[in-house]
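Engineer: Pasting the sequence and the predicted model now:
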Amino acid sequence: MDGGLFLIQLLNGIQLGVLLFLVAAGLTLVFGIMDFVNLAHGALYMVGAFFCAWLTLNYDSFLLALIISVPAVFIVGYALELLVIRHLYHRDHLDQVLATFGMILIFDTLAHLIWGPAGLTFTLPDAVNGHVSLFGLTDFPVYRLLIIAAGLLVALGLYLVIGRTRVGMLVRAGASNRVMVGALGVDVAKLFRYVFAAGAMLAGMAGMIIAPITEARIGMGNDILIIAFVVIIIGGIGSIRGAFIASLIVGLIDTMGRSFLDDLLKLIISNQAAETSAPAISAMLVYILMAAILYFRPQGLFPPKVR
Amino acid sequence: MKDSLRRLSLNGWVMLVSIVLLALAPTITTWMDDPFLLDLIMRMVILSIAAVSLNLILGYGGMISFGHAAYIGIGAYSVGIPAYYEIHSGLFQLGVTVVVCALFAFITGYICLRTKGVYFIMITLAFAQMIFFALVSIEEYGGDDGLVIYQRSTFEFGPDLGSDISLYYTCVVVLTLALLIVHKIVNSRFGLVIRGSAGNDARLMSLGIPTFRYRLVCYVIAGVICGVAGWLLGNFTNFISPEMMDWTRSGELIFMVVLGGAGSLFGPVLGAVAYLTIEEVLSGITIYWQLPFGILLVLVVLFGKGGLTGLIAKIGRGDK
Amino acid sequence: MLLEVMDLYKSFGGVVATNHVSLEVNAGEIHAVIGPNGAGKTTLVSQLAGELKPDGGSVQLNGRRITRLPSYRRAQLGMARSFQISSVVNNLSVIENVMLAVQARTGHSFRFIKDAMRCTDLVDSSHKSLQRVGLSDRAESPASDLSHGEHRQLEIAMATATNPKLLLLDEPMAGMGVEESGRMVEILNSIRGGPGILLIEHDMDAVFALADRISVLVNGAVIACDVPDNIRNNPEVKTAYLGDD
Ligand SMILES: Nc1ncnc2c1ncn2[C@@H]1O[C@H](COP(=O)(O)OP(=O)(O)OP(=O)(O)O)[C@@H](O)[C@H]1O
Ligand SMILES: [Mg+2]
């Protein structure tokens, strides 16, 4: 195993981790505070990607696209909460599952209708499209480093907001005891709406920053949603800290597994067996991790203190 | 007592009429010269089996599994993978289906069923997705693109599934068996525990009933029945792909159960028929059929008071 | 000795809900626990039934330590409880609720084929339990249709149907009218001498009519334990709980 490749995959893993964190952060708060199953969260990730790609293609400026898309997704999230989500908080989980499942169909088909079935691709501006050398070992795309930096910055910001401000205190209290927050005389409905919209915005941001690398594609939100589920299950529902740590763990394990598992397996089984089984096993790795953690800690790594 | 007798005889009537219709379907479609209609009906029957099995855990047992399509996939691949190696024995393939589905249900159920509510929904979803991604990543079996099955399951004694008509009747027989099994189970002592734990699990525990093991067994039974549906589906489509167990498929199964009436014996069958009819009609009109369908779904949940379940119950009771 | 509680301790954050409680219930005895609201009575029952973990102390049933056993194991060893806030299985019929209790005792729940309603043993002994509490005519109704008082009766029917050695009853008369309470006293009198009963109750008439012994719980601690007449005249209890009337 050579050091350069390892370093690249390490960074790729972290990059996937911060992306997952952006999606999982909003999800875990909505789950934790509202006990609400939101399958449509991934759709906002997709909406972010499409907004950003579409604007970039039209105005030829990735930066401008970002600046417009971020508030735009916030507004979409806000409107979604107002129109649909808030009516579902007091319904049973089955209703929530069905309604948000319906919303995925709506979002996916709308994207199809507006942007066509093929998805949108665009290239990065030259300024961030280069590579940098990492300790002389290997080259790494600048943009991916930027994603990591941006993700960590958002995580830090979120940590400060949740840990240090009054709003954050309410959110934390809400995640562990929502009745009490109401008793504090807070407009709970409004708090939830902003939390939901902010979560939507974070998911949208994740979609925006990944769009130049992958593309904006129908169904992209559904794939990441389920890994985000795994993240918040591992981290403990309602815990931002848990979501952060679990995101990194999942991102790293998934990436490293996909690139190095076959080499590892070759140490124990035959080359051919390793090469056929490694892809399947590495695809299952994070789920196996989830199962193992749940077996020992059914509430995840950082469960909310009281319920 | 009287009441339940009357309900039973109503069920009996529904059953009689459906059986006659199902038995005559191939004759009717041949007479109408519309082989595609038989295809649709066969798909309805197969998905009904899956929905009936989901209903056992979701409708009666209160376990909202969002990963039920995984068993369809396992069943279908139990046809496809052996067929790829030129093993066409139906008994062998069915055996694989049953064993793998039971194992998968047992292992994942052991972990899922210790959790509740939102956790349970997400974990079942995640496990199903695990199988999905695993199959996507195995190039040998076609990965994303899937595999064509060149020969259907064969039986030394029994139906020749190579003919669509006998495959169809096999599906109908399996559906009947599935309904019978679920009917027996939910009314048995075991079923009493399952239904009770859906209502008030803690109370059963305090009575001295360790509900976990009963729920686990129930979960395994449902998984196996659904696996058989998948086995039939693989034979029917002559093709397998991971798409068969995409999580949206699980969502559709839930929708069928709820649409038809969770926790009623024939509800899921009605739901499957209704869902496929809606899909058929809407998708004939527009390729964007999922848009009106999604809107319909959201609206019905929002404005049908108490959700779809409530709506159905209301209509069932005959009040406005 | 049927039930022996030794030095049980439980606190919620700062609130000490169970403060080094020791008490006993003998076979066939009705041992009442009284105390003001928030004294820790329900918390005590929950720990005995295995739904709450105590912070310290031990519980023995028939000489066997059960402190760490889960609730269903304790139930299997002969413990049954009723809940202060009725907890029945609302999506089942009344008789099915009781059948579950009987099934829990006889332990034959892995039966998949035979219609439970056709298991004569099961149905008969369930009917007997319903009869004992006077709910026979409601057997087929959904449990959710029962009135408050009937819910309490069903609770007792379920608890007794498991044929327990020890019954933990958490305010079986809560929210009942005079007539219903009277009926409940009759019911409890009719099973007296069978299982040992730990009876939590606010209704003093009922307590003094039924109890062989009374423990008084205040702020989580037992301040007195004696026969009813002595409790009635205990000055400490009077000031702490009974007031001066
Ligand atoms: N889960 C809990 N978390 C925190 N505090 C609790 C909890 N359960 C009970 N308490 C506290 O413990 C104390 C004892 O409560 P408990 O319900 O046992 O009282 P009780 O004697 O049954 O009262 P009542 O007569 O009203 O039924 C109370 O101060 C209550 O607030
Ligand atoms: Mg109490």
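Structural biologist: Thanks, I have it. Ligands and ions are numbered 1, 2, ... in the order given.
Engineer: Any residue of stretch A:284-304 touching chain B?
Structural biologist: Yes: with Cβ under 8 Å from any Cβ of the partner chain as the criterion, chain B is reached by stretch A:284-304 at A:284, A:287, A:288, A:290, A:291, A:294, A:295, A:298. From N, CA and C alone the C-beta is placed, and that goes for glycine too.
Engineer: host element of the first one?
Structural biologist: Residue A:284 is part of helix A:271-296 when elements are defined by DSSP states H and E.
Engineer: now for that helix, which elements pack on it?
Structural biologist: Applying 3 or more Cβ pairs under 8 Å, 6 or more residues apart in numbering or on different chains; DSSP states H and E, one finds that helix A:271-296 contacts helix A:220-235, helix A:240-268, helix B:90-112, helix B:117-136.
Engineer: and of the residues of stretch A:284-304 next to chain B, the nearest to ligand 2?
Structural biologist: Nearest to ligand 2 among those is residue A:298, at 28.2 Å by Cβ to the ion.
Engineer: coming back round to it: starting at the chain centroid, how far to the helix holding residue A:284?
Structural biologist: Chain-centre distance of helix A:271-296: 21 Å, with Cα atoms, centre = their mean, to the nearest Å.
Engineer: Ok, stretch B:226-243 next?
Structural biologist: Computed by Cα atoms, centre = their mean, the chain-centroid distance of stretch B:226-243 equals 12 Å.
Engineer: and if you look at stretch C:208-220?
Structural biologist: Distance, centroid of stretch C:208-220 to centroid of chain: 14 Å (Cα atoms, centre = their mean).
Engineer: can you list the weak-confidence ranges in the stretch 151-300 of chain B?
Structural biologist: Under the criterion pLDDT under 70, no range of the stretch 151-300 of chain B is flagged.
Engineer: For it, give the residue positioned nearest to ligand 1.
Structural biologist: residue B:202 (14.2 Å; Cβ to the nearest ligand atom).
Engineer: Ramachandran angles for that residue?
Structural biologist: In terms of degrees, to the nearest 10, the main-chain angles of residue B:202 are phi -60, psi -40.
Engineer: Relative to residue C:15, how far out is it?
Structural biologist: To residue C:15, residue B:202 is 23 Å away according to Cβ to Cβ, to the nearest Å.
Engineer: for residue A:81, same thing?
Structural biologist: For residue A:81 relative to residue C:15 (Cβ to Cβ), the value is 37 Å.
Engineer: okay, these two: which has more neighbours?
Structural biologist: A side-by-side neighbour count of residue A:81 and residue C:15, using other Cβ atoms under 10 Å in any protein chain shown, places residue A:81 first with 23 against 12.
Engineer: Which parts of chain A are helices?
Structural biologist: Along chain A, counting by DSSP state H, helices occupy A:3-34, A:41-59, A:62-83, A:93-115, A:142-164, A:166-176, A:178-183, A:188-210, A:220-235, A:240-268, A:271-296.
Engineer: Next, name the residue at the spatial heart of chain C.
Structural biologist: Central residue of chain C (Cα atoms, centre = their mean): residue C:169, 1.8 Å from the mean position.
Engineer: what secondary structure does that residue sit in?
Structural biologist: With DSSP: H, G, I helix; E, B strand; the rest coil as the basis, residue C:169 sits in strand.
Engineer: beta partners for it?
Structural biologist: For residue C:169, the beta-bridge partners under DSSP bridges are residue C:82, residue C:199.
Engineer: Contacts only, for residue 195.
Structural biologist: Because you didn't say which chain, this covers chain A. Residue A:195 makes contact with A:26, A:29, A:30, A:33, A:171, A:174 under the criterion Cβ atoms under 8 Å, 6 or more residues apart in numbering or on different chains.
Engineer: not quite, I wanted chain B
Structural biologist: Contact analysis of residue B:195 by Cβ under 8 Å, 6+ apart lists B:60, B:61, B:186, C:91, C:92, C:96.
Engineer: Which ones among the residues you listed lie within strands?
Structural biologist: Among the contacts of residue B:195, none falls in strands (DSSP state E).
Engineer: Name the residue of chain C that lies nearest to ligand 2.
Structural biologist: Closest point on chain C to ligand 2, by Cβ to the ion, is residue C:42, at 3.0 Å.
Engineer: how about whichever helix or strand residue B:248 is part of as CSV, C-alpha atoms only?
Structural biologist: In the assignment (DSSP H and E), residue B:248 maps to helix B:247-260. This file holds the C-alpha atoms of helix B:247-260, laid out as CSV (Å, rounded to 0.1, in the frame of the first residue of the first chain):
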residue,chain,number,x,y,z
TRP,B,247,-36.1,1.3,-1.3
THR,B,248,-38.8,3.0,-3.2
ARG,B,249,-40.1,-0.5,-3.8
SER,B,250,-40.4,-1.0,0.0
GLY,B,251,-42.2,2.3,0.1
GLU,B,252,-44.7,1.1,-2.5
LEU,B,253,-45.3,-2.0,-0.5
ILE,B,254,-46.1,0.0,2.6
PHE,B,255,-48.4,2.2,0.5
MET,B,256,-50.2,-0.9,-0.8
VAL,B,257,-50.8,-2.2,2.7
VAL,B,258,-52.0,1.1,4.0
LEU,B,259,-54.1,1.9,1.0
GLY,B,260,-55.9,-1.4,1.3
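Engineer: Which secondary structure elements does whatever helix or strand comes next after that helix sit against?
Structural biologist: Sequence order places helix B:267-285 as the next helix or strand after helix B:247-260, per DSSP H and E. Secondary-structure packing of helix B:267-285 (3+ Cβ pairs under 8 Å, 6+ apart): helix B:35-55, helix B:247-260, helix B:290-303.
Engineer: outside of helix B:267-285, which residues touch it?
Structural biologist: B:18, B:40, B:43-44, B:47-48, B:50-52, B:54-55, B:59, B:175, B:179, B:252, B:255-261, B:289, B:292-293, B:312.
Engineer: tell me the angle it makes with helix B:35-55.
Structural biologist: 140 degrees (axes from the mean of the first three to the mean of the last three Cα atoms, to 10 degrees).
Engineer: For residue B:37, which non-adjacent residue is closest in space?
Structural biologist: Of all residues not flanking residue B:37 in the chain, residue B:29 sits nearest, at 4.6 Å (Cβ to Cβ, 6 or more residues apart in numbering or on different chains).
Engineer: check contacts around the one you found.
Structural biologist: Residue B:29 touches B:35, B:37, B:38, B:41, counting by Cβ under 8 Å, 6+ apart.
Engineer: if I look at it, how far off is residue B:21?
Structural biologist: Residue B:29 sits 12 Å away from residue B:21, taking Cβ to Cβ as the criterion.
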